[in-house]
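Colleague: When you get a sec, could you give me coordinates for this:
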Amino acid sequence: MVRDFRQTAELFRQQGNAAAYEKVMEVLRQLGAV
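Modeller: Numbers count the residues shown, from 1 in each chain. Predicted coordinates for the structure are as follows:
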């Protein structure tokens, strides 16, 4: 599951979607995954 989040975050980053990337990273931080 965490890996899926990371892949999603990477996709957002590659697409230049910084806001979505930050949101995913925030969720990962809350999960203690980063």
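Colleague: can you give me the strands for this protein?
Modeller: Ranges of strands in the chain, per DSSP state E: none exist.
Colleague: Sketch out the low-pLDDT regions of it for me.
Modeller: Within the chain, the stretches with pLDDT under 70 are 33-34.
Colleague: let's see it at 90
Modeller: 1-3, 5-6, 28, 31-34 (pLDDT under 90).
Colleague: mind listing the helices in it by residue range?
Modeller: Remark: helices assigned in the chain by DSSP state H are 2-14, 18-31.
Colleague: Mind giving me the packing neighbours of the first one?
Modeller: Spelled out, it's helix 2-14. For helix 2-14, the elements it packs on are helix 18-31, judged by 3 or more C-beta pairs under 8 Å, 6 or more residues apart in numbering; DSSP states H and E. C-beta coordinates here come from the backbone N, C-alpha and C atoms, glycine included.
Colleague: repeat for the last one
Modeller: Packing partners of helix 18-31 (3+ C-beta pairs under 8 Å, 6+ apart): helix 2-14.
Colleague: residues of the helix it packs on that come out buried?
Modeller: Phe5, Ala9, Phe12 (16 or more other C-beta atoms under 10 Å).
Colleague: Can you give the contact residues for it?
Modeller: Ala18, Ala20, Tyr21, Val24, Met25, Val27, Leu28, Leu31, Ala33 (C-beta atoms under 8 Å, 6 or more residues apart in numbering).
Colleague: one more time with 10 Å
Modeller: Helix 2-14 is contacted by residues 17-25, 27-28, 31-34 when judged by C-beta atoms under 10 Å, 6 or more residues apart in numbering.
Colleague: what's the angle from it to helix 18-31?
Modeller: Orientation check (axes from the mean of the first three to the mean of the last three C-alpha atoms, to 10 degrees): helix 2-14 against helix 18-31 gives 160 degrees.
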